[in-house]
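Asks: Next input, structure requested:
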Amino acid sequence: MADPSVTLGTATKQEHFERIYSREPFKGLKAILDGLSHDHEALCDAVHATNSYADLLVRLGYRITLTKQIHVQDSFSHLGPAGGVKVVLPYYDIPTHSSFPTLINYDSTLTTTARSATFFNEMLSALKRQLSTE
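Replies: Numbers count the residues shown, from 1 in each chain. Below is the predicted model:
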C-alpha cells in the first residue's frame, strides 16, 4: 500500500484543503467563499491557483465592488432580488475589534469596503501559507 504522504492525489489534496480551510482563523473567509460556491473542489483549485482575494473572486465568477461604508442593518432591508442583495455577511473580527461586512449580490458582484478586502486578502494569504507548509 502506498504511503498517503508521498502520493498526493486529488482526494488527499482536497482533504488537506478542507482540514485547514475549516480552522477557526479562516471562519470569516470560509463564510464568504461558501456563500459563493458550494463546489469545494473548484474552490480548492481556485485558492491554489490565485494570489489575491480579488483574483480568487474572479475565478469563482464574481467581481469585487468597493464601497466606502456598509451599514449592515440597512443591508438586510435590501435582501432579495428587488433589493439586489443575496446574502449579508456581517463578519466581526474579535482580535482586532473590527467589522468587515460583505454583501453577495444577485448580479455576481461582491460588495465590501477597502478595509474588508485587505483583511480577507491577508486571510487568504495566511490560508495559502498554511496549505503550503503543512
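Asks: buried sites along the host helix or strand of Leu29?
Replies: Secondary-structure assignment from DSSP states H and E places Leu29 in helix 27-36. For helix 27-36, the neighbour count (16 or more other C-beta atoms under 10 Å) marks Gly28, Leu29, Lys30, Ile32, Leu33, Leu36 as buried. The C-beta positions use only the backbone N, C-alpha and C, and glycine is treated the same way.
Asks: Pipe those residues into TSV and attach pLDDT and distance to Phe120 per row.
Replies: TSV is the format used below for the buried residues of helix 27-36 (pLDDT from 0 to 100; distance: C-beta to C-beta, whole Å):
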residue	pLDDT	distance to Phe120
Gly28	90	7
Leu29	93	6
Lys30	93	11
Ile32	92	7
Leu33	93	9
Leu36	89	12
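Asks: counting contacts, what elements does the helix holding Leu29 pack onto?
Replies: Judged by 3 or more C-beta pairs under 8 Å, 6 or more residues apart in numbering; DSSP states H and E, the packing partners of helix 27-36 are strand 85-93, strand 98-105, helix 114-133.
Asks: same thing but at 6 Å, please
Replies: strand 85-93 (3 or more C-beta pairs under 6 Å, 6 or more residues apart in numbering; DSSP states H and E).
Asks: Next, count neighbours for Ala117.
Replies: A count of nearby residues for Ala117, using other C-beta atoms under 10 Å, gives 20.
Asks: do Lys86 as well
Replies: 18.
Asks: Right, I'll leave it there.
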